[in-house]
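S.K.: give me coordinates for this.
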Amino acid sequence: MQRLHQRAMPADRPPADAKALIREARRLRRRRWAVGAAVALLLAAGAGAGVAVATSGGGGRAPGAASGSRVPAGAVVLAPNVRMLNLTKSDKYGDLALVGSRILVYGPAVQEQDPSVSATCNSAVVNSTTLALSDLKSGSCANPALQGHRVLPVLTVEPKVTFASAGVATVTVRISHVVAGQPGYALGPVVMSFPQESSAWPSWTYGDGVLWLFDALAKGGSELLRLSATTGTVEQRVAMPDISRPIIAVNADGFWLAPAANSLDQADLAAVYHVATRASAPIRILTLPSGEYVRWMVASGHSVWLAPGPSATAVWSFTAAEGAREHRVTLAPELRGVLMAQDGGLAMVGDATGLWTAVVKPSGTQQQIFRLVPSTGAVGSEAVLKPAYSSATDLLYGKTEAVVFHGAMYLLDPPAESGSDYRGEGFSALYRITPSTA
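M.R.: Prediction:
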């Protein structure tokens, strides 16, 4: 989704024309173009350090699944602690998730596709040791079971229903839940609506039996919905700061919200917010300087780790929710360019044992895998990967997804995208990287 990289920008601030370009992106109706434009200019801001960026997406073709582990011609895996599953001939998967104790790949692979009844999605369970795929499924993207869940937000564009006086169509959100019999799911009533514009799309995440659904431009004002992850029933609505295109995370203490680098209108809302399960209002945990953002944020257990501000020289961690105890360690220079875009793939993933990221080298031909120990700030280079994309920029501006399971990083490289219809091309693989350093 990310395109032109024209010039290097200072790493300590967004490009001077960022606001103008984001305003232009906001006018676009298709979410893919808007997020792509914003992330492309932010990639430029971190080019000097090497930037790991992942963005949301899906779509594409659905030929037969790959199950082997043959390395395609031209690809080089430069570390003995790496296992790879070649998915070049499948082009079916664009997302990776850890659901309970299962790792799943699902898609479509390339074209942006929010969950909808009309679109077709695929899924498979990944063997955490061999990477072999099993339980291959295909069906409506509205079926939560394809993503390993019992409930799922489903989006529908209502072209004949305008949103307030904005002159744009309304998008409605219903919660799909698993049922017996065909087609395997049923849609509940509308729980949220928003305008069909780039900055209005909601974000959601799962944790501890809860589905959290957030939208800054929802009808009636910015709000967070807490829903049952079993039935999809709305259990609470919480009024929230209207941070569009945020970074979100969830852990045992609840829901976390922070402005991303491409968030809009955030000057007076520059902070990290927390909403505990069953809480009626958010709590401001960390106040940022006016207009600043969080480069990335990871939550696990009772901890949250984040890198605040454009310069990102430190990792801040919080070990409790309200009145959080703050701990900081220096962020290694090689990780200061890591950037996380709204509602996208996870540029940094992990837990207290290690935070992992894939940093694309400026040449665009290699991914360097780093593991950060959040308690000490120690960083180890775990592997260098050289995927066989058709061109270097396919990797530099490509999309990656990752999860951490039992101390290993699982990294998905979907096919590169090209053309107005975002057809899949080039390399596609799933990696398992185990720690090579203490």
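
S.K.: ok, residue 172 to residue 206 distance?
M.R.: Note on residue 172: its distance to residue 206, by Cβ to Cβ, to the nearest Å, is 21 Å. C-beta here means a position set from N, CA and C on the backbone, and glycine is covered the same way.

S.K.: my bad, residue 383
M.R.: Computed as Cβ to Cβ, the residue 383 to residue 206 distance reads 29 Å.

S.K.: who has more neighbours out of those two?
M.R.: A direct count of neighbours by other Cβ atoms under 10 Å for residue 383 and residue 206 places residue 383 higher, at 23 against 19.

S.K.: surely the more buried one and residue 369 touch.
M.R.: Yes - counting by Cβ atoms under 8 Å, residue 369 is a contact partner of residue 383 at 4.4 Å.

S.K.: anything in contact with each of those two?
M.R.: Residues touching both residue 383 and residue 369 by Cβ atoms under 8 Å, 6 or more residues apart in numbering: 79, 433.

S.K.: in this structure, where is pLDDT below threshold?
M.R.: Within the chain, the set of residues satisfying pLDDT under 70 comprises 1-78, 109-113, 166, 265-267, 320-325, 341-346, 417-425, 437-438.

S.K.: how about a cut-off of 80?
M.R.: Residues of the chain meeting the criterion pLDDT under 80: 1-79, 89-91, 108-116, 165-166, 264-268, 319-326, 341-346, 390-400, 415-426, 437-438.

S.K.: as a quick check, tell me the outermost residue of it.
M.R.: residue 181 (31.8 Å; Cα atoms, centre = their mean).

S.K.: list the contacts for that one?
M.R.: Not one residue lies near residue 181 by Cβ under 8 Å, 6+ apart.

S.K.: now do the SS call for it.
M.R.: Using DSSP: H, G, I helix; E, B strand; the rest coil, the structure places residue 181 in coil.

S.K.: dump the residue contacts of the residue lying closest to residue 119 once chain neighbours are set aside.
M.R.: In space, and not counting its chain neighbours, residue 119 is closest to residue 141: 4.2 Å by Cβ to Cβ, 6 or more residues apart in numbering. By Cβ under 8 Å, 6+ apart, the contact set of residue 141 is 58, 108, 113, 114, 115, 116, 117, 119, 120, 121.

S.K.: quickly run through the sheet partners of the helix or strand that contains residue 177, with directions.
M.R.: Per DSSP states H and E, residue 177 falls inside strand 169-178. Sheet pairing of strand 169-178 (DSSP bridges) gives strand 151-162 (antiparallel), strand 185-195 (antiparallel).

S.K.: now these as CSV including distance to residue 284 and mean neighbour count?
M.R.: Formatted as CSV, these follow (distance: least, Cβ to Cβ, whole Å; neighbours: other Cβ atoms under 10 Å):
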stretch, distance to residue 284, mean neighbour count
strand 151-162, 26, 17
strand 185-195, 24, 18
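
S.K.: tell me the domain ranges of the chain?
M.R.: 1-29+36-47, 49-114+343-438, 115-124+135-200+202-240, 245-304+314-332 (automatic domain parsing).

S.K.: tell me how far the third one lies from the chain's centre.
M.R.: What that stands for is domain 115-124+135-200+202-240. Computed by Cα atoms, centre = their mean, to the nearest Å, the chain-centroid distance of domain 115-124+135-200+202-240 equals 16 Å.

S.K.: what about it, start to end distance?
M.R.: The straight-line separation of the ends of domain 115-124+135-200+202-240 (Cα to Cα, to the nearest Å) is 24 Å.

S.K.: beta partners of the residue lying closest to residue 127 once chain neighbours are set aside?
M.R.: Closest residue in space to residue 127, ignoring its immediate chain neighbours: residue 134 at 6.9 Å, by Cβ to Cβ, 6+ apart. Using DSSP bridges, the bridge partners assigned to residue 134 are residue 125.

S.K.: residues in contact with residue 134?
M.R.: If you count contacts by Cβ under 8 Å, 6+ apart, then residue 134 has 124, 125, 127 around it.

S.K.: residue 390 should be in a strand, yeah?
M.R.: No - going by three-state DSSP, the assignment for residue 390 is coil, not a strand.

S.K.: the nearest residue to it once chain neighbours are set aside: how many residues sit nearby?
M.R.: Of all residues not flanking residue 390 in the chain, residue 426 sits nearest, at 4.5 Å (Cβ to Cβ, 6+ apart). Number of residues near residue 426 (other Cβ under 10 Å) recorded here: 21.

S.K.: could you pull out the helices in the chain for me?
M.R.: 18-27, 31-45, 392-396 (DSSP state H).

S.K.: hey, C-alpha coordinates of the shortest one in CSV?
M.R.: Just to be clear, that refers to helix 392-396. C-alpha atoms of helix 392-396 as CSV (Å, rounded to 0.1, in the frame of the first residue of the first chain):
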residue,chain,number,x,y,z
ALA,A,392,13.7,-4.0,-3.6
THR,A,393,10.9,-1.5,-2.9
ASP,A,394,8.3,-4.4,-2.6
LEU,A,395,10.0,-5.2,0.7
LEU,A,396,10.8,-1.6,1.8
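
S.K.: good, wrapping up.
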